[in-house]
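Asker: coords please:
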Amino acid sequence: MTNSKIGTNFSTPDLSDEYVDDIRILDSIFNNYGGRKNFYGQVVTIKCFEDNSLVKDMASQNGKGKVMVVDGSGSLRKALLGDMIAKNALKNEWQGFIIHGCIRDVDIISELNIGVKALNAIPLKTEKKGIGDMNVSVNFAGQIIQPGEFVYADNNGIVISGKKLI
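Answerer: Next comes the predicted model:
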């Protein structure tokens, strides 16, 4: 923990100023889709390509204090998150999603009190084949992200840290 004067209403610019040596910033390639614009938590990673089976499975588990970081290889062809999975994640106390890929049902997701950042939206769902990896290092937006790290996201961007900042 830290002696920071930054509270739960943090901003990534404030975190960047105070923790310049302790953070990494993801490239600015993501759009906001969730109803919660300011979210943070411990990273749980999923690596999958056009198959959101693991995303669906994880959303049904307790996510209190966690953010699902999904490396969909930047695919813009199929949605890795939709309203049903997002609602389930909210029910199970997930803080949010960072998705290196697409989502769908954006109007409904924008009304949910959950953070969602993704590359874009597309109406097409994935096939569920159960293919993917959980809790592995992912590499996108200029950074390697490890499970167990901490992610902080708001309208300004996304910050990663190896330690809890707030």
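Asker: okay, CA-based contacts and neighbour counts for the rest of this
Answerer: Noted.
Asker: C-terminal to the longest helix seen in the chain, what's the next element?
Answerer: Taking residue count as the measure and DSSP state H as the definition, the longest helix of the chain comes out as helix 83-91. Using DSSP states H and E, the helix or strand that directly follows helix 83-91 along the chain is strand 96-103.
Asker: helices or strands up against that following strand?
Answerer: Strand 96-103 sits against strand 66-71, strand 79-81, strand 115-121, with contacts defined as 3 or more C-alpha pairs under 8 Å, 6 or more residues apart in numbering; DSSP states H and E.
Asker: doesn't residue 108 make contact with residue 83?
Answerer: Yes: using C-alpha atoms under 8 Å, residue 83 and residue 108 qualify as a contacting pair, with a distance of 6.3 Å.
Asker: follow-up on the earlier one: other SSEs contacting the longest helix of the chain?
Answerer: Applying 3+ C-alpha pairs under 8 Å, 6+ apart, one finds that helix 83-91 contacts helix 53-59, helix 106-109.
Asker: if I look at the spatially most central residue of the chain, how far off is residue 82?
Answerer: Of all residues in the chain, the one closest to the mean position by C-alpha atoms, centre = their mean is residue 98, 2.1 Å from it. Here the criterion is C-alpha to C-alpha, to the nearest Å. By it, residue 98 lies 13 Å from residue 82.
Asker: and if you look at residue 143?
Answerer: Noted for residue 143: a distance of 26 Å to residue 82, by C-alpha to C-alpha.
Asker: which of these two has more residues huddled nearby?
Answerer: Set side by side, residue 143 and residue 82 give different neighbour counts by other C-alpha atoms under 10 Å, the larger being at residue 82 (22 against 13).
Asker: OK, contacts around the more buried one?
Answerer: The neighbours of residue 82, taking C-alpha atoms under 8 Å, 6 or more residues apart in numbering as the test, are 103-106, 109.
Asker: against residue 112, how distant is it?
Answerer: From residue 82 over to residue 112 (counting by C-alpha to C-alpha), the distance is 12 Å.
Asker: below-threshold pLDDT in the chain: ranges please.
Answerer: Applying pLDDT under 70 to the chain flags residues 1-8.
Asker: now with 50?
Answerer: Of all residues in the chain, those with pLDDT under 50 make up the ranges 1-4.
Asker: report the beta-bridge partners for the closest residue to residue 135 other than its chain neighbours.
Answerer: With C-alpha to C-alpha, 6 or more residues apart in numbering as the measure, residue 45 is the residue that lies nearest to residue 135, at 4.8 Å, once sequence neighbours are left out. Taking DSSP bridges, one obtains residue 69 as the residues bridged to residue 45.
Asker: thanks a lot, see you next time.
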